[in-house]
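Peer 1: What would the 3D arrangement of this be:
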Amino acid sequence: MTDTVSFGYQQIAPEEKTARVGDVFKSVAPSYDLMNDAMSAGMHRLWKDRFVRRVKPRAGDAILDMAGGTGDIAFRMVPSGAAITVADINPAMLEVGIERAAKRGIDGLVWTEANAETLVFPDRFFDAYTIAFGIRNVTDIPKALREAHRVLKRGGRFYCLEFSTTLWPGFAEIYDAYSHKLVPQLGKLLAKDEDSYRYLIESIRRFPDMAKFEGMIAEAGFVQTKVEPMLGGLVAIHSGWKI
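Peer 2: Numbers count the residues shown, from 1 in each chain. Model (predicted):
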């Protein structure tokens with residue numbers, strides 16, 4: 001790991017990033033849906049639906065949904081009959097998910113506090129690993145990708161939904177203006193938290209582009225890697241297989 005890592009546009013010590021990201025998500029957990037609506041103009045629901053269709057969860061599958069504390073992805077996979085473990089480093093996010101599951105009458109999910117970089121699960125344990133809008137907040141992304149590879153069975157599937165950089169001419173400038181100027185103000189107005197929303201937008205800007213991140217997935221050991229861009233790459237579904 002390098003001596004410093006990015007926290008938005010700042011460079012800080014790795015151990016400091018883990019703590020500060022934890023504080024961000026502790027702050028935004030109660031307004032999680034609002035946060036996602038602000039960052040995606042409400043489209044995150046459609047992206048998550050499409051993401052789960054790509055995962056194709058099946059009855060009998062063991063699936064790890066990493067950084068999935070609020071349950072957004074897990075709830076969409078429940079009808080498949082898969083055995084789903086929801087893991088998140090942040091207990092505040094898990095609390096939101098557990099409460100939401102109870103309100104919806106959803107049971108059978110396993111909820112666990114876990115760090116994506118140091119998973120406690122055995123080797124070759126899961127059939128699929130999903131992570132949606134979480135990988136960019138990990139301190140050591142290559143280490144987390146190696147852990148994802150380790151806990152997957154041979155033939156296991158890795159799926160990641162994450163913001164990236166749109167390649168559409170003109171649209172990048174429009175979204176950049178919207179995200180940098182309006183989203184933090186929405187956070188201030190609606191969630192009383194401008195700084196956390198500003199960090200989340202900055203973290204998107206610092207995240208590797210689609211080609212570079214696909215290369216990182218391959219370096220972790222995955223094969224047949226694929227990128228499916230949406231809105232020209234504003235958000236993308238990354239996938240790979242373990243053989």
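Peer 1: where does the chain have low pLDDT?
Peer 2: Applying pLDDT under 70 to the chain flags the ranges 1-2, 6-10, 12, 172, 177-180, 183-184, 190-191.
Peer 1: Skip ahead from the longest strand along the chain and say which helix or strand is next.
Peer 2: Using DSSP state E, we find that the single longest strand of the chain is strand 152-163. Heading C-terminal from strand 152-163, the first helix or strand you meet, by DSSP states H and E, is helix 171-177.
Peer 1: Buried ones in that following helix, by neighbour count?
Peer 2: Tyr175 (16 or more other CB atoms under 10 Å). The C-beta positions use only the backbone N, C-alpha and C, and glycine is treated the same way.
Peer 1: what's the offset of the longest strand of the chain from the middle of its chain?
Peer 2: With CA atoms, centre = their mean, to the nearest Å as the basis, strand 152-163 stands 12 Å off its chain's centre.
Peer 1: in it, what's buried?
Peer 2: Under 16+ other CB under 10 Å, the buried positions of strand 152-163 are Leu152, Gly156, Arg157, Phe158, Tyr159, Cys160, Leu161, Glu162, Phe163.
Peer 1: again with stretch 19-34
Peer 2: Buried residues in stretch 19-34, counted by 16+ other CB under 10 Å: Arg20, Val21, Gly22, Val24, Phe25, Ser27, Val28, Ala29, Ser31, Tyr32.
Peer 1: coming back round to it: farthest pair within the buried residues of strand 152-163?
Peer 2: The most widely separated members of these are Gly156 and Phe163, with 24.6 Å between them, by CB to CB.
Peer 1: Return the member of the buried residues of stretch 19-34 nearest to Ala116.
Peer 2: Val21 (11.3 Å).
Peer 1: The closest one touches Ile135, doesn't it?
Peer 2: No - the pair Val21 / Ile135 is not scored as a contact, 12.0 Å apart, by CB atoms under 8 Å.
Peer 1: And the buried residues of strand 152-163, which is closest to Glu99?
Peer 2: Among the buried residues of strand 152-163, and counting by CB to CB, the member closest to Glu99 is Leu161, at 23.1 Å.
Peer 1: Give the full set of residues in contact with that closest one.
Peer 2: The contact partners of Leu161, taken as CB atoms under 8 Å, 6 or more residues apart in numbering, are Trp47, Lys48, Phe51, Thr130, Ile131, Ala132, Phe133, Val235, Ala236, Ile237, His238.
Peer 1: Quick check: phi and psi on the last one?
Peer 2: Yep, that's His238 we're talking about. Main-chain torsions, His238, degrees, to the nearest 10: phi -100, psi 140.
Peer 1: Show the residue spans covered by the strands in the protein.
Peer 2: 5-7, 10-12, 62-66, 83-88, 110-113, 126-132, 152-163, 223-230, 235-241.
Peer 1: and the third one, what does it pack onto?
Peer 2: What that stands for is strand 62-66. helix 72-77, strand 83-88, strand 126-132, helix 141-151 (3 or more CB pairs under 8 Å, 6 or more residues apart in numbering; DSSP states H and E).
Peer 1: Show me what counts as buried in the longest one.
Peer 2: When you say that, I think you mean helix 141-151. Ile141, Lys143, Ala144, Leu145, Glu147, Ala148, His149, Arg150, Val151.
Peer 1: need those residues in TSV with distance to Ala87, can you?
Peer 2: As requested, these are arranged in TSV below (distance: CB to CB, whole Å):
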residue	distance to Ala87
Ile141	16
Lys143	15
Ala144	11
Leu145	15
Glu147	11
Ala148	11
His149	16
Arg150	14
Val151	10
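Peer 1: and which of those is nearest Phe126?
Peer 2: Val151 (5.4 Å).
Peer 1: Go ahead and confirm Thr130 touches Arg54.
Peer 2: No - Thr130 is beyond contact range of Arg54, at 9.6 Å (criterion: CB under 8 Å).
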